[in-house]
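Kindly generate the corresponding structure for this input.
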Amino acid sequence: MGFVSETGTDDLKERVEKALAQFLVDQRSVLTSIDPALSVVADTLESFVLKGGKRLRPAFAYWGYRGAGGEDSDEIIAAVASLELIQASALIHDDVMDASDTRRGEPSVHRRFEFIHTASGWDGDAKAFGTSAALLLGDFCLAWSDELLRRSGIDVDALMRARPVFDLMRTEVIAGQYLDVHAQATADSSLSRASTVARYKSAKYTVERPLLLGAALANARPALQAAYSNYGLPLGEAFQLRDDILGVFGDPSQTGKPAGDDLREGKRTYLIAAAFAAADDRTAEVLRQGLGNPDLDADGVTVLRDIIIRTGALARTEARIAYLTKESLRALDSVELANGAGEMLAELAHAATDRTL
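Here you go, the predicted structure:
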């Protein structure tokens, strides 16, 4: 069993979603026993968590565990499924911070609750209510990630080995989110800052930390953990660079977000930093004026895209993705993995970087 790719038939994704669905049914019972008004919270979180998502993080954790000799079980599936709740929390909060209207082609969580407030004719400001509700739903997901890991049924020794990795991962992703908004606020467009943000906001918790979580659950030897880091860090950065490109050039029908949203939000990504690094003064000023403008129209998006292409920033970013992916795959050659995990991790590397959404 393994990761569901475009051509694969393995059932790991289905099993992860089944574990999440059962957990959310349990949480619905808890919420509605508190007050029936919380049923909309349960509805929204079930929809958000279960409808969409590549389930890459559980896949990396699972194959990190299997590669270290761990045996398959429903308990390990539940444990790695907890990573999807961290991801849900990050996405919900991210959409609030970016004032995003959509996620995966549907209204973002804060917009959903804004619409509910308006449609219900409630008192107060609908936008403020939507923001407050989304922050709390993100908090639910973060708290529940810990609960799902603890309730997964894995043995206590394995849980204690995994806790430091799990805790550090959550701290890193929140720190990365702060550094992201900090870079936007300070207009820091340096390549070094962009790389730091990418590493902590996405790269480490998408690949390296899930792998190391799986390794810890299986009590992997240090040499294998080092190999996982050597594979995971460059691949995680390549994953984020692909995200950066899709945020500017992606097809909305595939990404589920409006075209050029990252430009309107003023994201200081590696792609943007590379454009600034290569631009002359006049071109850099055009880029600076358009970046972060929430009213940037389709023509404005086209102008900024053209700058990114003409400066060579797009080609430079694509070349870096290719280089990082190659470095990642090379790390797999340095260690012997059990249970066919090497092949699956190679497939995951391509799934993470050769994608359109």
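
Could you tell me whether residue 52 really is in a helix?
No: assigned with DSSP: H, G, I helix; E, B strand; the rest coil, residue 52 falls outside any helix and is coil.

Could you tell me how many residues sit around the nearest residue to it once chain neighbours are set aside?
Distance criterion CB to CB, 6 or more residues apart in numbering; nearest residue to residue 52, sequence neighbours excluded, is residue 104 at 4.1 Å. C-beta coordinates here come from the backbone N, C-alpha and C atoms, glycine included. By other CB atoms under 10 Å, the residues close to residue 104 number 14.

Output whichever strand or helix holds residue 31 as CSV, restricted to C-alpha atoms.
Assessed by DSSP states H and E, residue 31 sits inside helix 12-34. Only the C-alpha atoms of helix 12-34 are listed here, as CSV (Å, rounded to 0.1, in the frame of the first residue of the first chain):
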residue,chain,number,x,y,z
LEU,A,12,-2.9,5.1,1.8
LYS,A,13,-4.8,8.3,1.0
GLU,A,14,-8.1,6.5,1.4
ARG,A,15,-7.0,5.0,4.7
VAL,A,16,-5.8,8.4,6.0
GLU,A,17,-9.1,10.0,5.1
LYS,A,18,-11.1,7.2,6.8
ALA,A,19,-9.1,7.8,10.0
LEU,A,20,-9.7,11.6,9.7
ALA,A,21,-13.4,11.0,9.0
GLN,A,22,-13.9,8.8,12.1
PHE,A,23,-12.0,11.2,14.3
LEU,A,24,-14.1,14.2,13.1
VAL,A,25,-17.3,12.2,13.8
ASP,A,26,-16.1,11.8,17.3
GLN,A,27,-15.4,15.5,17.6
ARG,A,28,-18.8,16.4,16.2
SER,A,29,-20.4,14.5,19.1
VAL,A,30,-18.2,16.5,21.6
LEU,A,31,-19.1,19.8,20.0
THR,A,32,-22.8,19.3,19.6
SER,A,33,-23.0,18.0,23.2
ILE,A,34,-21.7,21.4,24.2
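
ok, back up a step: report whether the expected contact of the residue nearest to residue 52 with residue 254 is present.
No: between residue 104 and residue 254 there is no contact under CB atoms under 8 Å: 10.5 Å.

Next secondary structure after the longest helix that the chain contains?
When the chain is parsed with DSSP state H, its longest helix is helix 156-186. Next helix or strand after helix 156-186 toward the C-terminus (DSSP H and E): helix 191-198.

which outside residues touch that following helix?
The contact list for helix 191-198 (CB atoms under 8 Å, 6 or more residues apart in numbering) reads 176, 179-180, 183, 237, 240-241, 244, 268-270, 272-274, 277.

switch the cut-off to 7 Å
176, 179-180, 183, 237, 240, 268-270, 273-274, 277 (CB atoms under 7 Å, 6 or more residues apart in numbering).

measure residue 195 to residue 344 for me?
The spacing between residue 195 and residue 344, counted by CB to CB, to the nearest Å, is 28 Å.

These two - which one has more neighbours?
residue 344 (24 against 18).

what is the orientation angle of the helix or strand containing that one with helix 12-34?
Using DSSP H and E, residue 344 sits in helix 341-353. On the basis of axes from the mean of the first three to the mean of the last three CA atoms, to 10 degrees, helix 341-353 is oriented at 70 degrees to helix 12-34.

if I pick residue 218, what's in contact with it?
The contact partners of residue 218, by CB under 7 Å, 6+ apart, come to 65, 68-70.

Residue 326: how many residues sit nearby?
12.

now do residue 277
If you count neighbours by other CB under 10 Å, residue 277 ends up with 15.

Which strand or helix spans it?
helix 270-278.

buried sites along the helix or strand that that helix is followed by?
Next helix or strand after helix 270-278 toward the C-terminus (DSSP H and E): helix 281-290. Within helix 281-290, the residues that count as buried by 16 or more other CB atoms under 10 Å are 283-284, 287, 290.

likewise stretch 195-203?
Buried positions in stretch 195-203, judged by neighbour count with 16+ other CB under 10 Å: 195-203.

And for stretch 69-77?
70, 75-77.

and of those residues, the nearest to residue 231?
Nearest to residue 231 among the buried residues of stretch 69-77 is residue 70, at 17.0 Å by CB to CB.

No further questions, thank you.
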